[in-house]
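# Got a sequence here, can you build the structure:
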Amino acid sequence: MAMGSILGCATKQQDGGQAVLDNIFNRKSVRAYTEQAVTPEQVETLLKAAMAAPSARNLQPWRFVVVTGQATKEKLAVGFNKMIAKAPVAIVICGQTVKDDGAPNQNWTADCAAATENLLLAAEALGLGAVWTACYPYDDRMNPAIEALGLPGDVKPYCIVPVGYPAGDDRPKDKWKPGNVHYEKW
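Next comes the predicted model:
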(Lines give C-alpha, C1' and ligand atoms only; values in the text may rest on other atoms or scores of the structure.)
Protein backbone atom coordinates (compact mmCIF):
# COMPACT_ATOMS: atom_id res chain seq x y z
CA MET A 1 0.00 0.00 0.00
CA ALA A 2 1.36 3.40 -0.95
CA MET A 3 2.10 5.93 1.78
CA GLY A 4 -0.55 8.28 0.37
CA SER A 5 -3.16 5.53 0.73
CA ILE A 6 -2.12 4.88 4.31
CA LEU A 7 -2.32 8.58 5.15
CA GLY A 8 -5.66 8.79 3.36
CA CYS A 9 -7.01 5.99 5.57
CA ALA A 10 -5.76 7.73 8.69
CA THR A 11 -7.39 10.98 7.61
CA LYS A 12 -10.70 9.21 6.91
CA GLN A 13 -10.57 7.58 10.34
CA GLN A 14 -9.78 10.91 11.97
CA ASP A 15 -12.58 12.63 10.05
CA GLY A 16 -15.00 9.85 11.00
CA GLY A 17 -13.82 9.97 14.58
CA GLN A 18 -14.37 13.71 14.70
CA ALA A 19 -17.87 13.26 13.27
CA VAL A 20 -18.66 10.78 16.05
CA LEU A 21 -17.33 13.16 18.70
CA ASP A 22 -19.23 16.08 17.18
CA ASN A 23 -22.43 14.01 17.31
CA ILE A 24 -21.85 13.11 20.96
CA PHE A 25 -21.14 16.71 21.96
CA ASN A 26 -24.09 18.06 19.93
CA ARG A 27 -26.67 15.66 21.39
CA LYS A 28 -29.34 17.51 23.31
CA SER A 29 -32.61 16.79 25.05
CA VAL A 30 -35.46 17.90 22.78
CA ARG A 31 -38.90 18.20 24.36
CA ALA A 32 -40.88 20.03 21.64
CA TYR A 33 -41.52 18.66 18.15
CA THR A 34 -43.00 19.75 14.85
CA GLU A 35 -45.84 17.78 13.29
CA GLN A 36 -43.51 16.39 10.59
CA ALA A 37 -43.70 12.60 10.54
CA VAL A 38 -40.76 10.38 11.42
CA THR A 39 -40.46 7.76 8.67
CA PRO A 40 -40.54 4.01 9.28
CA GLU A 41 -37.01 3.89 7.83
CA GLN A 42 -35.81 6.42 10.40
CA VAL A 43 -37.44 4.43 13.21
CA GLU A 44 -35.76 1.26 11.97
CA THR A 45 -32.39 3.04 11.88
CA LEU A 46 -32.91 4.21 15.48
CA LEU A 47 -33.76 0.66 16.55
CA LYS A 48 -30.77 -0.84 14.72
CA ALA A 49 -28.50 1.70 16.43
CA ALA A 50 -30.05 0.86 19.82
CA MET A 51 -29.49 -2.86 19.24
CA ALA A 52 -25.83 -2.24 18.34
CA ALA A 53 -25.18 -1.32 22.00
CA PRO A 54 -22.95 -3.42 24.22
CA SER A 55 -24.72 -6.06 26.30
CA ALA A 56 -23.45 -8.02 29.31
CA ARG A 57 -22.83 -11.60 28.23
CA ASN A 58 -24.49 -10.55 24.96
CA LEU A 59 -27.91 -11.34 26.45
CA GLN A 60 -29.49 -8.36 24.67
CA PRO A 61 -32.45 -8.09 27.08
CA TRP A 62 -33.78 -4.95 25.40
CA ARG A 63 -37.21 -4.99 23.86
CA PHE A 64 -38.78 -2.05 22.08
CA VAL A 65 -42.36 -0.89 21.65
CA VAL A 66 -42.83 1.75 18.93
CA VAL A 67 -45.89 3.88 19.61
CA THR A 68 -47.48 6.22 17.08
CA GLY A 69 -51.11 6.05 18.20
CA GLN A 70 -52.22 9.22 19.96
CA ALA A 71 -54.36 7.46 22.59
CA THR A 72 -51.46 5.26 23.69
CA LYS A 73 -48.97 8.15 23.70
CA GLU A 74 -51.36 10.07 25.98
CA LYS A 75 -51.50 7.11 28.40
CA LEU A 76 -47.68 7.12 28.50
CA ALA A 77 -47.47 10.88 29.07
CA VAL A 78 -47.58 10.97 32.88
CA GLY A 79 -45.93 13.35 35.33
CA PHE A 80 -43.02 15.22 33.80
CA ASN A 81 -43.27 13.18 30.59
CA LYS A 82 -46.07 15.23 28.97
CA MET A 83 -43.99 15.77 25.82
CA ILE A 84 -44.55 12.12 24.87
CA ALA A 85 -48.11 12.93 23.77
CA LYS A 86 -46.86 15.63 21.39
CA ALA A 87 -44.11 13.63 19.68
CA PRO A 88 -44.82 11.86 16.38
CA VAL A 89 -43.25 8.66 17.76
CA ALA A 90 -42.49 7.31 21.21
CA ILE A 91 -40.09 4.41 21.60
CA VAL A 92 -40.44 2.51 24.85
CA ILE A 93 -37.21 0.77 25.78
CA CYS A 94 -38.05 -2.27 27.88
CA GLY A 95 -35.92 -4.93 29.48
CA GLN A 96 -36.47 -8.65 29.82
CA THR A 97 -35.63 -9.10 33.49
CA VAL A 98 -35.32 -12.89 33.42
CA LYS A 99 -32.81 -14.90 31.39
CA ASP A 100 -33.80 -17.87 29.24
CA ASP A 101 -32.78 -20.22 32.06
CA GLY A 102 -35.22 -18.51 34.45
CA ALA A 103 -32.53 -16.72 36.49
CA PRO A 104 -32.84 -12.96 37.07
CA ASN A 105 -30.90 -10.79 34.63
CA GLN A 106 -29.00 -8.44 36.94
CA ASN A 107 -27.69 -6.38 34.01
CA TRP A 108 -30.86 -5.51 32.15
CA THR A 109 -30.89 -1.88 33.27
CA ALA A 110 -27.28 -1.26 32.19
CA ASP A 111 -27.94 -2.89 28.82
CA CYS A 112 -31.11 -0.83 28.30
CA ALA A 113 -29.21 2.34 29.25
CA ALA A 114 -26.57 1.62 26.60
CA ALA A 115 -29.27 0.93 24.00
CA THR A 116 -31.04 4.17 24.94
CA GLU A 117 -27.89 6.24 24.53
CA ASN A 118 -27.23 4.70 21.12
CA LEU A 119 -30.80 5.53 20.10
CA LEU A 120 -30.40 9.14 21.26
CA LEU A 121 -27.12 9.53 19.37
CA ALA A 122 -28.68 8.06 16.23
CA ALA A 123 -31.58 10.53 16.53
CA GLU A 124 -29.07 13.38 16.69
CA ALA A 125 -27.23 12.05 13.64
CA LEU A 126 -30.51 11.87 11.69
CA GLY A 127 -31.45 15.46 12.55
CA LEU A 128 -34.22 14.31 14.87
CA GLY A 129 -34.88 15.45 18.39
CA ALA A 130 -35.34 13.06 21.31
CA VAL A 131 -35.24 12.98 25.09
CA TRP A 132 -34.76 10.20 27.63
CA THR A 133 -37.78 10.10 29.95
CA ALA A 134 -37.50 7.78 32.92
CA CYS A 135 -39.86 4.92 33.72
CA TYR A 136 -37.88 2.45 35.82
CA PRO A 137 -37.86 2.28 38.87
CA TYR A 138 -40.85 4.60 39.38
CA ASP A 139 -44.12 2.68 39.79
CA ASP A 140 -46.19 5.76 38.89
CA ARG A 141 -44.46 5.79 35.47
CA MET A 142 -43.95 2.07 34.93
CA ASN A 143 -47.50 0.94 35.73
CA PRO A 144 -49.22 3.11 33.10
CA ALA A 145 -46.72 1.87 30.49
CA ILE A 146 -47.16 -1.77 31.53
CA GLU A 147 -50.93 -1.41 31.28
CA ALA A 148 -51.05 0.65 28.07
CA LEU A 149 -48.61 -1.64 26.26
CA GLY A 150 -49.72 -4.99 27.69
CA LEU A 151 -46.19 -5.91 28.76
CA PRO A 152 -45.62 -9.45 30.01
CA GLY A 153 -44.61 -9.93 33.67
CA ASP A 154 -40.91 -10.48 32.96
CA VAL A 155 -40.59 -7.29 30.85
CA LYS A 156 -40.28 -3.88 32.51
CA PRO A 157 -40.39 -0.47 30.83
CA TYR A 158 -36.99 1.15 31.36
CA CYS A 159 -37.59 4.51 29.68
CA ILE A 160 -39.60 6.21 26.97
CA VAL A 161 -37.94 8.23 24.22
CA PRO A 162 -40.23 10.62 22.35
CA VAL A 163 -38.83 11.32 18.87
CA GLY A 164 -39.61 13.98 16.29
CA TYR A 165 -38.24 16.95 14.44
CA PRO A 166 -37.20 19.70 16.88
CA ALA A 167 -39.65 22.59 17.12
CA GLY A 168 -37.28 24.89 19.00
CA ASP A 169 -33.66 25.89 19.07
CA ASP A 170 -32.42 23.43 21.67
CA ARG A 171 -28.72 23.58 22.48
CA PRO A 172 -26.42 20.97 23.97
CA LYS A 173 -25.24 21.55 27.52
CA ASP A 174 -21.56 21.60 28.42
CA LYS A 175 -21.44 18.99 31.17
CA TRP A 176 -17.64 18.76 31.44
CA LYS A 177 -16.61 19.05 35.09
CA PRO A 178 -12.91 18.27 35.65
CA GLY A 179 -13.54 18.11 39.41
CA ASN A 180 -15.55 14.91 38.86
CA VAL A 181 -12.46 13.12 37.54
CA HIS A 182 -9.90 11.39 39.74
CA TYR A 183 -6.71 9.69 38.59
CA GLU A 184 -5.18 6.61 40.18
CA LYS A 185 -7.32 6.95 43.33
CA TRP A 186 -9.87 9.21 44.97
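# how would you label the residue nearest the centre of the chain: helix, strand or coil?
Centrality entry for the chain: nearest residue to the mean C-alpha point is T116, 2.6 Å, by C-alpha atoms, centre = their mean. The assignment at T116 comes out as helix when based on DSSP: H, G, I helix; E, B strand; the rest coil.
# close enough to count as contact, it and I91?
No. Judged on C-beta atoms under 8 Å, T116 makes no contact with I91 at a distance of 9.0 Å. C-beta: built from backbone N, CA, C; applies to glycine.
# Show me the common contact partners of those two, please.
Between them, T116 and I91 share the neighbouring residues A50, V161, with contact defined by C-beta atoms under 8 Å, 6 or more residues apart in numbering.
# count of neighbours near N180?
Using other C-beta atoms under 10 Å, N180 has 7 neighbouring residues.
# The lengthiest strand in the chain pairs with which strands?
Ranked by number of residues, the top strand in the chain under DSSP state E is strand 155-164. Its sheet considered, strand 155-164 pairs with strand 89-96 (antiparallel), strand 129-130 (antiparallel), strand 133-134 (antiparallel) by DSSP bridges.
# in this structure, which ranges drop under the pLDDT threshold?
Judged by pLDDT under 70, the chain has its weakly predicted residues at 1-13.
# where exactly do the helices run in it?
In chain order, the chain shows helices spanning 3-26, 40-51, 70-76, 108-125, 139-149, with DSSP state H as the criterion.
# Let me have those helices in a markdown table, extended by distance to D100.
Conversion of these to a markdown table gives the following (distance: least, C-beta to C-beta, whole Å):
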| stretch | distance to D100 |
| --- | --- |
| helix 3-26 | 34 |
| helix 40-51 | 18 |
| helix 70-76 | 28 |
| helix 108-125 | 13 |
| helix 139-149 | 22 |
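# Out of these, which one sits most buried?
Compared across those, helix 108-125 shows the largest average neighbour count, a mean of 21 (mean count of other C-beta atoms under 10 Å).
# among the strands paired with strand 155-164, which is the most enclosed?
With neighbours defined as mean count of other C-beta under 10 Å, those peak in mean count at strand 129-130, which reaches a mean of 28.
# quick one on the thing from earlier: between the helices of the chain, which gets nearest to A87?
With distances scored as C-beta to C-beta, the stretch of the helices of the chain nearest to A87 is helix 70-76 (7.1 Å).
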